[in-house]
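> Provide a 3D model corresponding to the input given below.
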Amino acid sequence: MRLSVFGLGYVGCVSAACMAARGHLVLGVDANPQKTAFIAEGRTPIVEERIGEVIADVVATGALQVRDDPTVAVHESDVSIVCVGTPSGPGGALSTEYLERASQQIGAALATKSGWHVVVYRSTMIPGTCENLLIPLLEKSSGKTVGVDFGVCVNPEFLREGTSVRDFLDPPKTVVGQSDDRSGEMVMSLYAGLPGPRFQIPIAVAEMTKYVDNGFHALKVAFANEIGAVCAAEGLDSHAVMDVFLADTKLNISPAYLRPGFAFGGSCLPKDVRAIIHTARRHDLDIPLLSNVLVSNETHLRRTVETITALGRRRVGIFGLSFKAGTDDLRESPLVELAERLVGKGYHVQIFDPNVALSRLVGANRAYLDERLPHISELLTDDVDAVLAHAEICVIGSREPQVLRAVEDLRSDQVVVDLVRLPDAADRRDLPNYTGIAW
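I've put the predicted structure just below:
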């Protein structure tokens, strides 16, 4: 394929060189003439492992060339890949200056070009930037319509500086947000033969993926450093501790606990986080990340309460009470806390959980429930239909079969607040009587 790459910094330079090495004809465009001059001479404008030899090879064969005129580059290519910078603006907001400039240049070139063309944004941008800002700019500058006269894709990169050539050729995944199937297939074909899972998804979802990745990477660094500080204060080798942590790929380094949902609870997570914080305080250590984990959890619980109170109805049915599906463990269950707060606000609450029966509750479970919900006998019932008939608001906190069957019998006047992502949540999302707590 014939490609034009706008912006020859780290991402653009590596993308252009690696695409050329994979057999595409690549035309590089950059506002800095020094960068294009370097590439035209077969030299790299950046310091990066292997990039010098790759550029020298593809320039020598003519697979990578430069163009001074953006219009010429667009006219001579099938796909334009935008890799310009998106630095932080005042207050941390995204600066879209370079994205807008490149979009206007490409749009102006499309105005005089016949045939299908795809504009691909590889720059990092917040969700909504492409559809609300850049596509309108392309349409205005070109006088053409996206999806009809040209296509647009968002193709985030997952390149680490220092190993970006390796990461390009061995990506963790390939993500293409698309305006239409034709454009998405064209862009995905650029990566044919490369390993890793592939995703063709809505544009805004693709925009968000890079922020999720980098946010989590930053979180991991901060988490490891705070654990290291606590270990050092306790006289422990933090790397020996983390070797054990990293060996667990079932729960720790895995998809476990990474699906958005309701607040966490139970007999382990809250108490153990509090214990880590207490240990740090004994050593006068400040660990702001871990210290705010419970704050974040409380905020998420409060969001749910506010969602329910904003609905303006008073009769609430809560389906599920234990902190974890398939158990009757109520210790520090966020659903018990939710019920307590709603009762305290004067809501008429009834609760059904197929795994929780007052007659079977003993020990710490019963003591916890009596302390937090002293009138539990008036709230908890084993009759799911009674709770369903009572409720104006149905709070779904369980995916047990009895609960899922009850959801199928909901009346049109009942509102669902979904804390567990029901199996048909994707179909319900746009319904006026449905609210997903984190989706």
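> next structured bit after the top helix by length along the chain?
Identified as the longest helix of the chain according to DSSP state H is helix 203-233. Using DSSP states H and E, the helix or strand that follows helix 203-233 towards the C-terminus is helix 238-247.
> what helices or strands is that following helix leaning on?
helix 203-233 (3 or more Cβ pairs under 8 Å, 6 or more residues apart in numbering; DSSP states H and E). (C-beta placed from N, C-alpha, C; glycine too.)
> would you mark the buried spots in the helix it packs on?
203-204, 206-210, 213, 226-231 (16 or more other Cβ atoms under 10 Å).
> after the worst-scoring helix or strand of the chain on mean pLDDT comes which helix or strand?
Ranked by mean pLDDT, DSSP states H and E, the helix or strand of the chain with the weakest confidence is helix 363-372, at a mean of 75. Next helix or strand after helix 363-372 toward the C-terminus (DSSP H and E): helix 376-379.
> residues contacting the helix or strand following that next one, please?
Per DSSP H and E, the first helix or strand lying C-terminal to helix 376-379 is helix 384-390. Applying Cβ atoms under 8 Å, 6 or more residues apart in numbering, the contact partners of helix 384-390 are 315, 317-319, 348, 350-352, 354, 381, 394, 402-403, 405-406, 409-410.
> inside strands: which ones of these?
When strands are assigned by DSSP state E, the members of the contacts of helix 384-390 inside them are Arg315, Gly317, Ile318, Phe319, His348, Gln350, Ile351, Phe352, Cys394.
> what's the closest non-adjacent residue to the fourth one?
Which is Phe319. The spatially closest residue to Phe319, leaving aside those adjacent along the chain, is Val403, at 4.5 Å (Cβ to Cβ, 6 or more residues apart in numbering).
> need the pLDDT of that neighbour.
pLDDT, Val403: 94.
> give me the number of residues near it?
23 (other Cβ atoms under 10 Å).
> got a list of what it touches?
Contacts of Val403 by Cβ under 8 Å, 6+ apart are Phe319, Gly320, Phe352, Pro354, Val384, Ile396.
> tell me the contacts of the fourth one?
Residues in contact with Pro354, defined by Cβ under 8 Å, 6+ apart, are Asp382, Val384, Ser398, Glu400, Gln402, Val403.
> do that again at 6 Å, thanks
Glu400, Gln402 (Cβ atoms under 6 Å, 6 or more residues apart in numbering).
> on that earlier part again, what's the most distant pair in the buried residues of helix 203-233?
Ile203 and Cys231 (43.1 Å; Cβ to Cβ).
> per the record, what domains does the chain have?
As assigned by automatic domain parsing, the chain contains the domains 2-206, 296-436.
> and those, which one is worst for confidence?
Among these, domain 296-436 scores lowest, at a mean of 90.
> what sits against the closest residue to Asn365 other than its chain neighbours?
Residue nearest to Asn365 in three dimensions, not counting chain neighbours: Leu330, with 5.1 Å by Cβ to Cβ, 6+ apart. Going by Cβ under 6 Å, 6+ apart, Leu330 touches Ser322, Val336, Asn365, Tyr368, Leu369.
> outside of stretch 8-25, which residues touch it?
1-3, 5, 26, 28, 30, 35, 46, 54-55, 58, 63-64, 83, 157, 164, 168.
> buried residues, it. List them.
8-22, 24-25.
> run the chain-centre distance for the strand or helix carrying Gln65.
Using DSSP H and E, Gln65 falls within strand 64-66. Remark: strand 64-66 is offset 35 Å from the chain centroid, using Cα atoms, centre = their mean, to the nearest Å.
> give me the contact list for that strand.
Contacts of strand 64-66 (Cβ under 6 Å, 6+ apart): Ala20, Val26, Leu27, Gly28, Thr36, Ile39, Ala40, Val58.
> by neighbours, which of those residues wins?
In these, the most neighbours by other Cβ under 10 Å go to Gly28, 29 neighbours.
> would you confirm that that one belongs to a helix?
No. Read with DSSP: H, G, I helix; E, B strand; the rest coil, Gly28 is strand and lies in no helix.
> okay, and the beta partners of it?
Counting by DSSP bridges, Gly28 is bridged to Val5, Val66.
> now do it against Ile81, distance only.
As judged by Cβ to Cβ, to the nearest Å, Gly28 and Ile81 stand 10 Å apart.
> which residues do these two both contact?
Shared contacts of Gly28 and Ile81, counting by Cβ under 6 Å, 6+ apart, come down to Val5.
> now name the helix or strand holding Leu335.
helix 334-344.
> got the buried residues for stretch 172-182?
Applying 16+ other Cβ under 10 Å to stretch 172-182 flags Thr174, Val175, Val176, Gly177, Gln178, Ser179, Asp180 as buried.
> so the fourth one: helix, strand or coil?
The one in question is Gly177. Here Gly177 is recorded as strand under three-state DSSP.
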